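> Show me how the following folds:
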Amino acid sequence: MTSTPTVLDSVVIGAGQAGLSASYHLARLGIEHVVLDANDTPGGAWQHRWDALTMRDVHGVAELPGSTPPPLTQARANAAIPEYFAGYEAAHELPIVRPVRVDRVDSNDDGTLTVHAGDRSWRTRTIVNATGTWTQPFIPRYPGQEIFRGEQFHTVAYPGPEHFRGKRTLVVGGGASAVQFLGAIAPLTETLWVTRREPVWRTDDFTPEAGIAAVALVERRVAQGLPPESVVSVTGLALREQEREAERLGVYAARRPMFERLEAEGARWADGSFEPVDAIIWATGFRPAIAHLAPLQLRSPAGGIQLDKAGRGTGAVADARVQLVGYGPSASTIGANRAGRTAARGVERSLAAVRAASGVSRAPAAG
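Now for the predicted structure:
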């Protein structure tokens, strides 16, 4: 096994928006750290998104601290944002190591943590977990999924609208991605939309104040140790100009409740009605990618990881050495940059506590 000979002050796990923001602020505080990224190249989850997603669609959400994001053009987001991230990493000389896929994080008897990745490991006094959700797609289980003869895609594998031309397509999910997919494919083919709940549409502008209020709702959940819901789930839905054609076609108004089961050729509802479909898009969201933190036993009895400062912080209540960004209220770009700064300050406080307990002005590196 290959391991670092010294104890780092912090290890950031993940180099997406939240991880880069955390590294930027740690560097400004003079905190020795590395960033471990599972991807081969810069760009976080953005590099894996579908080709049809443009910078115009993402509303400038990739902005990083102390920088200017790419313009809102028709450029592909999965190319423009990775290029932006790569330039940012180089300009700020962020200490990123890739590709490194973290397997687990263990707590040591001396109060340090060990981050394991295959045959490599890093000892550290703190960690900032910034692994997001993209690697943990969620597809709910329904009877008949295994016998359905058509195609099934989750958001992570969405092949773009042209793939569905002429294929009667069922879109499952009540979030922004489902609305976007319908807007893109409805002009090309016949579509159906199903959700578990009645969609909540925004009738006002999504102001900064509205964003703050939405984040606050998620903060209250993580403050109680409940599993977080996405920020998007509480902001409501709004149609963009490029989705107006689908609206004119009546796609959004014709939403149906969830089907009861799938059959070989389509979906069956509880009332016995049946709809034949050729393809299904599961726009059913993601779960936090935090399995590697399981040895630290951070979850509360309520099933989530409780965060400090009534959910407005990033520190794990169960272990002050652990900061989480891209989790709960910072799982969207509304809060990711702020979370990076908050996490860096949390690391600084944790290190100060270590130094105070050891009676030294600066924690020494260990061989």
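
> Only C-alpha atoms from now on, for both contacts and neighbour counts.
OK.

> Am I right that Ser23 is in a helix?
Yes: Ser23 forms part of a helix when assessed by DSSP: H, G, I helix; E, B strand; the rest coil.

> Now tell me which helix or strand of the chain has the poorest mean pLDDT.
helix 208-223 (a mean of 62; mean pLDDT, DSSP states H and E).

> Name the next helix or strand downstream of that helix, please.
The element immediately downstream of helix 208-223 (helix or strand, assigned by DSSP states H and E) is helix 244-248.

> Would you mark the buried spots in that following helix?
For helix 244-248, the neighbour count (16 or more other CA atoms under 10 Å) marks Ala246, Glu247 as buried.

> tell me how far it is from the chain's mean position?
The chain centre lies 29 Å from the centre of helix 244-248; the measure is CA atoms, centre = their mean, to the nearest Å.

> same thing with stretch 338-352?
Remark: stretch 338-352 is offset 20 Å from the chain centroid, using CA atoms, centre = their mean.

> Ok, stretch 161-181 next?
Counting by CA atoms, centre = their mean, stretch 161-181 is centred 21 Å from the centre of its parent chain.

> and that stretch, average pLDDT?
The average pLDDT within stretch 161-181 is 95.

> now stretch 194-204
82.

> Identify the residues contacting that stretch?
170-174, 235-238, 255-259 (CA atoms under 8 Å, 6 or more residues apart in numbering).

> So which of the residues you listed sit within strands?
Leu170, Val171, Val172, Arg256, Pro257 (DSSP state E).

> since we're on the last one, how many residues are nearby?
Pro257: 14 surrounding residues under other CA atoms under 10 Å.

> bridging residues for it?
Beta-bridge pairing of Pro257 under DSSP bridges involves Thr195.

> per-domain residue ranges of this structure.
Domain ranges of the chain: 2-135+286-358, 151-201+237-282, per automatic domain parsing.

> for the stretch 251-367 of the chain, what spans make up the strands?
In the stretch 251-367 of the chain, the segments counted as strands under DSSP state E, counting those that start in this stretch are 256-257, 261-263, 266-268, 274-276, 279-282, 315-316, 319-324.

> For the stretch 201-350 of the chain, which residues score under the pLDDT cut-off?
203-222, 228-236, 310-311, 329-335 (pLDDT under 70).

> who are the neighbours in contact with Thr342?
Gly313, Thr314.

> Residue ranges in the stretch 1-150 of the chain under the pLDDT threshold?
For the stretch 1-150 of the chain (pLDDT under 70), the answer is 1-5, 59-62.

> residue ranges for the strands of it, please.
Going by DSSP E, counting those that start in this stretch, the stretch 1-150 of the chain shows strands at 2-8, 10-13, 33-36, 96-97, 104-107, 113-117, 120-124, 127-129.

> Figure out which of those is closest to Ala294.
strand 104-107 (7.5 Å; CA to CA).

> name the helices or strands packed onto that closest one?
For strand 104-107, the packing partners by 3 or more CA pairs under 8 Å, 6 or more residues apart in numbering; DSSP states H and E come out as strand 113-117.

> Can you list the strands that the strand it packs on pairs with?
strand 104-107 (antiparallel), strand 120-124 (antiparallel).

> buried sites along stretch 100-111?
Val100, Arg101, Val102, Arg104, Val105, Asp106, Ser107.

> Count the neighbours of the closest residue in space to the first one that isn't next to it in sequence for me.
Setting aside the residues directly before and after it, Val100 is nearest to Ala38 in space (CA to CA, 6 or more residues apart in numbering), at 4.6 Å. A total of 19 residues lie near Ala38 under the criterion other CA under 10 Å.

> my guess is Ala38 meets Val102, correct?
Yes: at 7.4 Å, Ala38 and Val102 qualify as touching, with contact defined as CA atoms under 8 Å.

> circling back: dump the ones in strands among the contacts of stretch 194-204 into TSV; add distance to Gly326 as well.
Rendered in TSV, the data for those read as follows (distance: CA to CA, whole Å):
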residue	distance to Gly326
Leu170	30
Val171	26
Val172	24
Arg256	32
Pro257	31
